[in-house]
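Novice: I'll drop the sequence and a predicted model, then ask my questions.
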Amino acid sequence: MNLKPILASLVPGEKPPQWGEFQTGWGNAVFLVTSRGLAALQPVMSDEAFQQLLEEHFKPAGIQQLTPGQRTLWSQKISEALVNPELIQALPLDLQGSAFQKAVWEQLLQIPSGRTLSYSELAKRVGRPRAVRAVASACGANPVPLLIPCHRVLRKSGQLGGYALGLDLKRRLLHKEGAL
């Protein structure tokens, strides 16, 4: 989880984001929330990885746990958006990235479940047909990959390419959606 853009976006006097954890169909996930909305969401593959995230990243940055009520509210909103992608647009998001990254993430939301797109086609859709590597980097920088479906982007050859959360999860997500 890349905390730098999230922490850099805080205005003076604004409290640091808060974290919560909940169970998804793929295992545990951790999320960060700022006063403006959901800033990050990613699966946590092991208890050790979760403890490392807390000890090495969250605690030094002053990131505290949400209250139980806040955690339940956010977990419910995120869970509903995971099940019903139309709800993602209504979810308050505080995604930090360049204008180009945000344009890529916006286009990712347009790829229907069960469909895929090549990195080069995605580059064309954002108006930068020669920026295929930059598009791939923007996909990799997606702070909420379970919500903004960068797993639906493949190499031109049809191979999986990369995925920040691992190719096994990308394959499982695409298989679940009927795209593989």
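Specialist: Happy to help now that I have it. Residues are numbered from 1 along each chain as shown.
Novice: Quick check: which helices or strands does the longest helix seen in the chain pack against?
Specialist: For the chain, the helix reaching the highest residue count under DSSP state H is reported as helix 68-83. Packed against helix 68-83 by the contact rule (3 or more C-beta pairs under 8 Å, 6 or more residues apart in numbering; DSSP states H and E) you find strand 18-24, strand 27-34, strand 37-43. All C-beta atoms are positioned from the backbone trio N, CA, C, and that covers glycine.
Novice: Including mean pLDDT, mean neighbour count and distance to Asn2, could the ones you listed go into a markdown table?
Specialist: As requested, these are arranged in a markdown table below (pLDDT from 0 to 100; neighbours: other C-beta atoms under 10 Å; distance: least, C-beta to C-beta, whole Å):
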| stretch | mean pLDDT | mean neighbour count | distance to Asn2 |
| --- | --- | --- | --- |
| strand 18-24 | 89 | 17 | 14 |
| strand 27-34 | 90 | 20 | 10 |
| strand 37-43 | 93 | 21 | 8 |
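Novice: Kindly present those strands as a markdown table, with separate columns for distance to Val83.
Specialist: Listed next are the helices and strands packed on helix 68-83 as a markdown table, based on distance: least, C-beta to C-beta, whole Å:
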| stretch | distance to Val83 |
| --- | --- |
| strand 18-24 | 10 |
| strand 27-34 | 14 |
| strand 37-43 | 14 |
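Novice: So for Cys139, which of the ones you listed sits nearest?
Specialist: When the helices and strands packed on helix 68-83 are ranked by distance to Cys139, counting by C-beta to C-beta, first place goes to strand 37-43 at 14.0 Å.
Novice: what does the helix or strand that comes right after that closest one rub up against?
Specialist: Counting by DSSP states H and E, the next helix or strand C-terminal to strand 37-43 is helix 47-53. Judged by C-beta atoms under 8 Å, 6 or more residues apart in numbering, the contacts made with helix 47-53 from elsewhere in the structure are Met1, Glu21, Asn28, Val30, Val44.
Novice: list the contacts for the second one?
Specialist: Just to be clear, that refers to Glu21. Contacts for Glu21 were tallied using C-beta under 8 Å, 6+ apart; they are Asn28, Ala29, Val30, Phe31, Val44, Phe50, Arg71.
Novice: can you rerun that using 7 Å?
Specialist: With C-beta atoms under 7 Å, 6 or more residues apart in numbering as the criterion, the residues that contact Glu21 are Asn28, Ala29, Val30.
Novice: How about the first one?
Specialist: The neighbourhood of Met1, defined by C-beta under 7 Å, 6+ apart, consists of Ala40, Gln42, Leu53, His57.
Novice: sec struct for the last one, please.
Specialist: Under the three-state scheme (DSSP: H, G, I helix; E, B strand; the rest coil), His57 adopts helix.
Novice: quick one: the closest residue to it other than its chain neighbours and Gln96, what's the gap?
Specialist: Closest residue to His57 in three dimensions, ignoring its sequence neighbours and counting by C-beta to C-beta, 6 or more residues apart in numbering: Leu3, at 5.8 Å. For Leu3, the distance to Gln96 under the criterion C-beta to C-beta, to the nearest Å works out to 10 Å.
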